[in-house]
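Peer 1: no FASTA, just this:
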């Protein structure tokens, strides 16, 4: 079984890692732990944005973002490996929701596991719901893990 575990730096992702450890058996199970970073964008006029995109400051910011993302997936992978799971890791850049769905199709995943932030109302409208989008568009089953309040 191929399980795609999409994580961010939240207690909800921690709950998803723990759910995998508690629910799944090791035999023939591979877990791919992924984190998708959003591209760094700024709202500048095009003539300024092009010049700013080439600055060392932005390059350092992006490198720091990728370094943190790599540390995040490695920490989750270490927990899963300590429970004797076969684990792969990857960091991607793009729109989080569509990248997760695309990755599940390309791998191919039998199951996607994501944590839910449980946003409601205006926050959900403004921030969107990654887990809802993934559940609606995924090419396979999706498990949405909710952390205890």
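Peer 2: Yes, it's here. Only a predicted model underlies this, so the values are computations on that prediction, with no experimental measurement involved.

Peer 1: list the contacts of residue 92.
Peer 2: The neighbours of residue 92, taking C-beta atoms under 8 Å, 6 or more residues apart in numbering as the test, are 34-37, 99, 103. C-beta: built from backbone N, CA, C; applies to glycine.

Peer 1: try it again with 7 Å
Peer 2: 34, 36, 99 (C-beta atoms under 7 Å, 6 or more residues apart in numbering).

Peer 1: that one bridge partners, please.
Peer 2: Legend: beta-bridge partners of residue 92 under DSSP bridges are residue 36.

Peer 1: run through the strands of this structure in chain order.
Peer 2: Counting by DSSP state E, the chain has strands at residues 2-6, 30-37, 86-93, 111-116, 141-146.

Peer 1: not counting sequence-adjacent ones, nearest residue to residue 14?
Peer 2: Of all residues not flanking residue 14 in the chain, residue 147 sits nearest, at 7.2 Å (C-beta to C-beta, 6 or more residues apart in numbering).

Peer 1: need the winner for burial among the strands of the chain.
Peer 2: Of all the strands of the chain, strand 2-6 carries the top mean neighbour count, a mean of 25, counting by mean count of other C-beta atoms under 10 Å.

Peer 1: what pairs with that strand, parallel or antiparallel?
Peer 2: Take DSSP bridges as the rule and strand 2-6 pairs in its sheet with strand 30-37 (parallel), strand 111-116 (parallel).

Peer 1: ok, back up a step: okay if I get the strands of the chain as a markdown table plus mean pLDDT and distance to residue 74?
Peer 2: Converted to a markdown table, the strands of the chain look like this (pLDDT from 0 to 100; distance: least, C-beta to C-beta, whole Å):
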| stretch | mean pLDDT | distance to residue 74 |
| --- | --- | --- |
| strand 2-6 | 97 | 13 |
| strand 30-37 | 96 | 8 |
| strand 86-93 | 96 | 6 |
| strand 111-116 | 92 | 18 |
| strand 141-146 | 92 | 20 |
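
Peer 1: can you put those in JSON lines and add distance to residue 15?
Peer 2: Shown next, in JSON lines, are these (distance: least, C-beta to C-beta, whole Å):
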{"stretch": "strand 2-6", "distance to residue 15": "11"}
{"stretch": "strand 30-37", "distance to residue 15": "14"}
{"stretch": "strand 86-93", "distance to residue 15": "18"}
{"stretch": "strand 111-116", "distance to residue 15": "6"}
{"stretch": "strand 141-146", "distance to residue 15": "5"}
